[in-house]
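Trainee: Structure for this input, please:
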Amino acid sequence: KMYETALLMGFGVKTGIDFPGEETGKLKDYKEWDELYKCTFSFGQGIFVNGIQVALAYAQIANGGYLLQPYILKEIIDGKKIKFKSSPKIIRKVFNEEELEIIKNTLRKVIEEGSGIRAKFGNISICGKTGTAEKYDPSIRDYNPCKETMSFIGFFPQENPKYLIYTLIDEPKKGRFASEIAVPLWKKIAEEIYEIEKSKEIDKNLIARNEIE
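Mentor: As a prediction, this is how the structure comes out:
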């Protein structure tokens, strides 16, 4: 079941994003899983992923359980004419509403009382998760406890998600946990986006009021 869900979420295959050089990552066939691997897989060891795959996994939770085709290029404009425009494409439904509710509430608790508490700002409802991963070192053919990545991924607002941000620091020189390294960076980016959105809303309201007057 875990293997099947990971496949449905897009792990172990290319996302097909419109950018060259993407790697598939690595998802071991379930027939090769032993009891130890089942345990370590549950918290992310033994699987190789790229950043887009991680972002897509959480986007499925934010997008009502749907896996969408990712893209970088939004549109091409020539003067006032739109020559090309990307649009969301649904690949498949992965989670049902009951599953989504459980996952969202769990991710919200990470922010309210867990390792992501430093991500909180304003009265925004945030769902997210920290990540601290040891890196595989080919020279010793094992995970190297001295080489790590620290990450945090989160989306907001919980009720109607609009933004998803993924921050990752590769082999940080200071700090020991993602909560003190990746989370503050995430919050800084999220706050700046929120301030830009607020200013846009103010401008829209002013324009609307002027038109009425």
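Trainee: If you count neighbours, what's buried in the strand or helix carrying residue 104?
Mentor: Assessed by DSSP states H and E, residue 104 sits inside helix 97-113. When neighbours are counted by 16 or more other CB atoms under 10 Å, the buried residues of helix 97-113 are found to be 100, 103, 104, 107, 108, 110, 111. To be clear about C-beta, it is placed using only N, CA and C from the backbone, and glycine gets the same treatment.
Trainee: give me the low-pLDDT residue ranges for the protein?
Mentor: Segments of the chain classed as low confidence (criterion: pLDDT under 70) are 202-213.
Trainee: In it, where's the longest strand?
Mentor: Secondary structure assigned by DSSP state E gives strand 142-156 as the longest strand of the chain.
Trainee: Look at the residue nearest to the spatial centre of the chain and give its secondary structure.
Mentor: For the chain, the residue whose C-alpha lies nearest the mean C-alpha position (CA atoms, centre = their mean) is residue 55; its distance is 3.0 Å. Following DSSP: H, G, I helix; E, B strand; the rest coil, we place residue 55 in the helix state.
Trainee: ok now do it, which residues does it touch?
Mentor: 70, 153, 164, 166 (CB atoms under 8 Å, 6 or more residues apart in numbering).
Trainee: which residues in this structure form strands?
Mentor: For the chain, applying DSSP E gives strands covering 66-68, 75-78, 81-85, 90-93, 127-137, 142-156, 163-170.
Trainee: Provide the strand pairings for the fifth one, with the direction of each partner.
Mentor: Put plainly, it is strand 127-137. strand 142-156 (antiparallel) (DSSP bridges).
Trainee: buried set for the strand it pairs with?
Mentor: By neighbour count, with 16+ other CB under 10 Å as the criterion, the buried positions of strand 142-156 are 148, 149, 150, 151, 152, 153, 154, 155, 156.
Trainee: Please verify my assumption that the fourth one contacts residue 168.
Mentor: Meaning residue 151. Yes. In this structure, residue 151 is within contact of residue 168 by CB atoms under 8 Å, at 4.1 Å.
Trainee: Please enumerate the shared neighbours of the two.
Mentor: Common contacts of residue 151 and residue 168 (CB under 8 Å, 6+ apart): 131, 182.
Trainee: ok, back up a step: can you list the strands of the chain in CSV and add distance to residue 7?
Mentor: What follows is these, written out as CSV (distance: least, CB to CB, whole Å):
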stretch, distance to residue 7
strand 66-68, 11
strand 75-78, 32
strand 81-85, 31
strand 90-93, 11
strand 127-137, 21
strand 142-156, 20
strand 163-170, 21
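Trainee: and of those, who's closest to residue 51?
Mentor: Across the strands of the chain, residue 51 has its closest neighbour in strand 163-170 (6.2 Å, CB to CB).
Trainee: Give me the buried stretch members for stretch 183-201, please.
Mentor: When neighbours are counted by 16+ other CB under 10 Å, the buried residues of stretch 183-201 are found to be 183, 185, 186, 187, 190, 194.
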